[in-house]
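Peer 1: A predicted structure for the sequence below; I have some questions about it.
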Amino acid sequence: MSDDIFQGYKGDALATLKKFSVRVWGQAEIHTTRGTFDGTVLPRSENDDDQHIVLKIQTGYNIGIDIVTIKIMVETGYQKANYKIPEKAFPYSDDKPNVKLFGTGGTIASRLDYRTGAVIPAFSPGELYGAVPELADICNIDTEKLFAVFSENMGPDQYKILAESIGKEIANGTDGIVIGHGTDTLHHTAAALSYMVQDSPIPIILVGSQRSSDRPSSDAALNLIHASYAAGHGDIAETLVCMFGPTSDEYGFLHRGTRVRKMHSSYRSTFRTIGDTPAATVTRKGLKIIKTEYKHRRKDKTVKIVPTFNEKVTMLYYYPHMQADIVDSLVDAGYKGIVIVGTGLGHVNRELYPALERARDKGVSVFMTLQTIWGYAHMFVYDTGRDMMALGVTPLGNMLPEVAWVKLGWTLGQTDDPKKIKEIMLTPINDDITEREPYNGYLVYQGGVPEVEGFVRKFRK
């Protein structure tokens with residue numbers, strides 16, 4: 001058996017397949033010390049180890065089988081799989097809204113390249129229709145791939161291009177915009193667009209998925225359906241994040257771009273509005289408004305695009321006994337803005353005071369946010385806070401740290417006047433600072449408590 005039928009396998013794993021005459025894409029029955037497994041042998045990523053055989057079992061999930069545990073393998077059939085997403089002509093209709101889908105990367109409507117282990121997105125209207133045919137019942141979709149990057153590689157340059165591209169689409173008369181985006185920094189981009197795209201007449205919906213489309217538990221298709229409905233039919237003309245609401249597929253949430261955060265590394269329901277409630281829930285049939293005050297969809301094409309960003313801005317996560325040279329090094333490196341993520345109500349140790357004073361004297365804008373996630377920076381309560389305010393540190397209410405970083409970069413891209421910087425930062429935009437947090441804006445359920453367990457059992461069965 002030639003090596004070209006053992007795609008990606010090497011070393012001991014390759015020897016095991018040859019020993020039992022089992023091919024990649026072969027249907028195999030594998031007897032191990034841990035039981036018997038049936039499924040299709042998949043290619044391995046070129047960079048993976050040589051100690052496992054990958055099997056796609058009947059449930060659709062992939063498992064790795066340690067070759068040390070294998071007693072015997074039997075090939076019961078063979079059919080090379082085609083994991084390319086089928087492409088069909090998208091059925092455009094004059095009676096449906098037109099939605100523009102911008103691609104930046106991520107796992108929306110994607111497939112897995114088993115040779116490299118990389119996720120390959122389906123993106124043309126035809127590919128999207130082949131992958132998610134329900135989209136044709138909702139809207140007409142036009143697509144444009146702006147970037148193809150992991151979300152950790154998104155940054156100010158991409159934010160500005162996105163904002164300008166959105167402005168052009170609004171001028172062209174599109175009814176809504178969807179942005180496919182990796183989930184890790186999706187909320188940073190949502191914050192950036194909340195500032196760079198002012199008073200949009202149409203919804204701007206950022207969407208991603210936690211699990212790629214080849215997995216049975218993928219949230220990609222449903223998130224895309226929900227986002228497309230919100231963009232094409234929704235009345236909330238703001239920058240919003242659309243992702244799973246509960247862990248099930250009952251509905252999605254629409255979160256304001258300045259009040260949302262990714263809260264879990266792998267849950268599909270990872271995104272949550274912090275210090276407030278989501279703007280709405282969405283299904284493939286409609287929206288249910290939660291926030292009664294929001295910017296409504298308009299028929300005009302007027303929008304203000306402000307694509308500015310000064311990259312010499314950073315976040316400084318405080319920890320006990322932090323030394324002054326950290327702040328000094330940022331100032332010496334030419335940073336113009338620092339967002340401190342402080343403890344409690346907005347505190348750092350006294351060892352940093354001289355550095356904060358030097359930063360102020362050098363014209364560096366320093367603002368305070370909180371590690372506590374929920375709550376407000378109240379720096380006038382204790383002497384520590386009052387002392388820092390005297391050194392030029394400005395508290396930002398309940399603005400989230402990453403939102404503050406984005407806003408400060410955006411602000412410094414427009415002005416270097418300290419008074420104007422402070423004015424813009426403290427002026428609420430799209431609810432980045434709210435007057436108060438509602439009673440149900442802070443909910444943390446801890447397992448083991450009887451009343452919590454009783455509540456959770458109603459939803460998790």
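Peer 2: Structure's in. What do you need? Residues are numbered from 1 along each chain as shown.
Peer 1: packing partners of the helix or strand Ile170 falls within?
Peer 2: Secondary structure from DSSP states H and E places Ile170 in helix 156-172. Judged by 3 or more CB pairs under 8 Å, 6 or more residues apart in numbering; DSSP states H and E, the packing partners of helix 156-172 are strand 98-103, strand 176-180, helix 186-196, strand 197-198, strand 304-305. For every residue, glycine as well, the C-beta is placed using N, CA and C.
Peer 1: measure Thr314 to Val24 for me?
Peer 2: Per CB to CB, to the nearest Å, Thr314 is found 47 Å from Val24.
Peer 1: one more: Tyr318?
Peer 2: Tyr318 is 52 Å from Val24, by CB to CB.
Peer 1: longest strand in this protein, by residue count?
Peer 2: Longest strand of the chain, by residue count under DSSP state E: strand 70-78.
Peer 1: please point out which parts of that strand sit buried.
Peer 2: By 16 or more other CB atoms under 10 Å, the buried positions in strand 70-78 come out as Ile70, Met73.
Peer 1: roughly how far apart are the nearest residue to Leu412 once chain neighbours are set aside and Gly409?
Peer 2: With CB to CB, 6 or more residues apart in numbering as the criterion, Leu412 has its nearest non-adjacent residue at 3.7 Å, and that residue is Asn310. Spatial separation of Asn310 from Gly409 under the definition CB to CB is 5 Å.
Peer 1: which one of these two has more residues nearby?
Peer 2: Legend: neighbour count by other CB atoms under 10 Å for Asn310 and Gly409, higher for Gly409 (24 against 18).
Peer 1: residue nearest the centroid of the protein?
Peer 2: When CA atoms, centre = their mean is applied to the chain, the residue found nearest the centroid is Thr183 (2.3 Å).
Peer 1: SS state for that residue?
Peer 2: Counting by DSSP: H, G, I helix; E, B strand; the rest coil, the backbone at Thr183 sits in coil.
Peer 1: not counting residues beside it along the chain, what's closest to it?
Peer 2: Counting by CB to CB, 6+ apart, Gly208 is the residue found nearest to Thr183 once chain neighbours are left out, at 4.1 Å.
Peer 1: residues near that neighbour, how many?
Peer 2: Gly208 - counted by other CB under 10 Å - has 29 other residues nearby.
Peer 1: that one contacts Val178, doesn't it?
Peer 2: No: taking contact to mean CB atoms under 8 Å, the distance of 10.8 Å between Gly208 and Val178 leaves them out of contact.
Peer 1: got the phi and psi for the residue lying closest to Ile57 once chain neighbours are set aside?
Peer 2: With CB to CB, 6+ apart as the measure, Gly39 is the residue that lies nearest to Ile57, at 4.1 Å, once sequence neighbours are left out. The main-chain torsion angles of Gly39 are listed as degrees, to the nearest 10 and equal phi 170, psi -170.
Peer 1: circling back to that earlier point, tell me the pLDDT of the residue nearest to Thr183.
Peer 2: For Gly208, the model assigns a pLDDT of 89.
Peer 1: ok, Leu443 next?
Peer 2: Model confidence at Leu443, expressed as pLDDT, equals 82.
Peer 1: could I get the full set of helices for the stretch 251-400 of the chain?
Peer 2: Across the stretch 251-400 of the chain, reading from the start of the chain, the helices by DSSP state H, counting those that start in this stretch fall at 324-332, 353-361, 383-390.
Peer 1: got the ones you listed as TSV, with distance to Thr343, mean neighbour count and mean pLDDT columns?
Peer 2: Written out in TSV, the entries for the helices of the stretch 251-400 of the chain read as follows (distance: least, CB to CB, whole Å; neighbours: other CB atoms under 10 Å; pLDDT from 0 to 100):
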stretch	distance to Thr343	mean neighbour count	mean pLDDT
helix 324-332	16	16	98
helix 353-361	15	18	97
helix 383-390	10	16	92
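Peer 1: out of the ones you listed, which is closest to Ser165?
Peer 2: The closest approach between Ser165 and any of the helices of the stretch 251-400 of the chain, judged by CB to CB, belongs to helix 324-332 at 32.4 Å.
Peer 1: which strands or helices does the closest one pack on?
Peer 2: If you count contacts as 3+ CB pairs under 8 Å, 6+ apart, helix 324-332 packs onto strand 313-317, helix 353-361.
Peer 1: for those, which one sits closest to Phe102?
Peer 2: The closest of those to Phe102 is strand 313-317. By CB to CB, the value is 24.9 Å.
Peer 1: re earlier: so the residue nearest to Ile57 touches Thr59, yeah?
Peer 2: No: taking contacts as CB under 8 Å, Gly39 lies outside contact range of Thr59: 9.1 Å.
Peer 1: pick out whichever of those two has more residues nearby.
Peer 2: With other CB under 10 Å as the criterion, Gly39 and Thr59 differ in neighbour count, and Gly39 comes out ahead with 21 against 10.
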